[in-house]
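Undergrad: Structure for the following, please:
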Amino acid sequence: MRSGQEAVKRARRLLRQYCAANSITRLGTLTYGPPRCSDPVLLREHVASFFRDLRAGLGGDPFPYVWVPELHKDGVHLHVHFGVGRFIPRGKIEEAWGRGWVHIKRVSDMPVGSTTREEARRAAGYMSKYVSKSFDGVQGKGLHRYEVAQGFQPEKVRLVGDSRAEVLSKACDVMRAHPTDVWLSEDVEDWEAPPAVWAAWA
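TA: Okay, here's the model as predicted:
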């Protein structure tokens, strides 16, 4: 059970990193019309075809995206939530999907003056809630909880400093924000390993 929870946490963390790195600020939904789809493998074929056709319709250049499947409330049929980091005309999305209905909007429920990165973090929050749901059974055991466009994964950045404070300060400069969560090994009683710091940016 614990390994499953850790897998969910890891998937959500990686998804948040991807969304922030690629300014994913627009969220959409792909819904099937009749005949609807309940086959998770077929769904992935349809979504792969959708993004290939969408890329072709936009000129052929690759672009970052993320998508997550979800079950309808009926517990049988599937639909797709997706995120992109650029404006795409609704007509282009409808043409590429061609299997039902589409919805697309930019993240808008933000405080005045919010940055693109903050919008991307909010979008990542919406997407990651679907990742936390179980994808066994009808949704396809062993299939990925989400998919992203290849070639846009965030790169690792190595930061070096003479103190914990200096390294955290450099990380804040890179992230352009203060961490939302910080864990220190010194706060753990009987910690026997080398000193460690963990920080997260939502």
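
Undergrad: can you give me the helices in the protein?
TA: 2-21, 40-57, 90-97, 116-131, 164-175 (DSSP state H).

Undergrad: Could I get the buried residue list for the longest one?
TA: Using 16 or more other CB atoms under 10 Å as the test for burial, helix 2-21 gives V8, A11, R12, L14, L15, R16, Y18, C19, A20, A21. To be clear about C-beta, it is placed using only N, CA and C from the backbone, and glycine gets the same treatment.

Undergrad: and the angle from that helix to helix 116-131?
TA: 150 degrees (axes from the mean of the first three to the mean of the last three CA atoms, to 10 degrees).

Undergrad: before we move on, back to that, just the buried residues of helix 2-21: which has the poorest pLDDT?
TA: Of all those, V8 has the smallest pLDDT value, namely 78.

Undergrad: I figured it hits S132, correct?
TA: Yes. Using CB atoms under 8 Å, V8 is in contact with S132, at 5.3 Å.

Undergrad: ok, back up a step: a markdown table please, covering the helices of the chain and showing distance to E192.
TA: Listed next are the helices of the chain as a markdown table, based on distance: least, CB to CB, whole Å:
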| stretch | distance to E192 |
| --- | --- |
| helix 2-21 | 22 |
| helix 40-57 | 44 |
| helix 90-97 | 54 |
| helix 116-131 | 33 |
| helix 164-175 | 19 |
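
Undergrad: closest to K73 out of those?
TA: Ranking the helices of the chain by proximity to K73 (CB to CB) places helix 116-131 first, at 13.6 Å.

Undergrad: which strands and helices sit next to that closest one?
TA: Using 3 or more CB pairs under 8 Å, 6 or more residues apart in numbering; DSSP states H and E as the contact criterion, the elements in contact with helix 116-131 are helix 2-21, strand 26-32, strand 65-71, strand 78-84.

Undergrad: do that again at 7 Å, thanks
TA: helix 2-21, strand 65-71, strand 78-84 (3 or more CB pairs under 7 Å, 6 or more residues apart in numbering; DSSP states H and E).

Undergrad: So what touches the second one?
TA: Spelled out, that is strand 65-71. Outside strand 65-71, the residues within contact range by CB atoms under 7 Å, 6 or more residues apart in numbering are 15, 18-19, 24, 40, 43, 47, 51, 78-84, 127, 130-131, 138-139, 146-149.

Undergrad: and if we set it to 6 Å?
TA: Outside of strand 65-71, the residues within contact range by CB atoms under 6 Å, 6 or more residues apart in numbering are 43, 47, 78-84, 127, 130-131, 146-149.

Undergrad: Ranking by neighbours, what's the top pick from those?
TA: The most crowded member of those, judged by other CB atoms under 10 Å, is G83 (27 neighbours).

Undergrad: Quick one: residues contacting it.
TA: By CB under 6 Å, 6+ apart, the contact list for G83 reads I24, L27, V66, A123, M127.

Undergrad: Of all the residues you listed, the one with the weakest confidence?
TA: Lowest pLDDT within the contacts of G83 is found at M127 (89).
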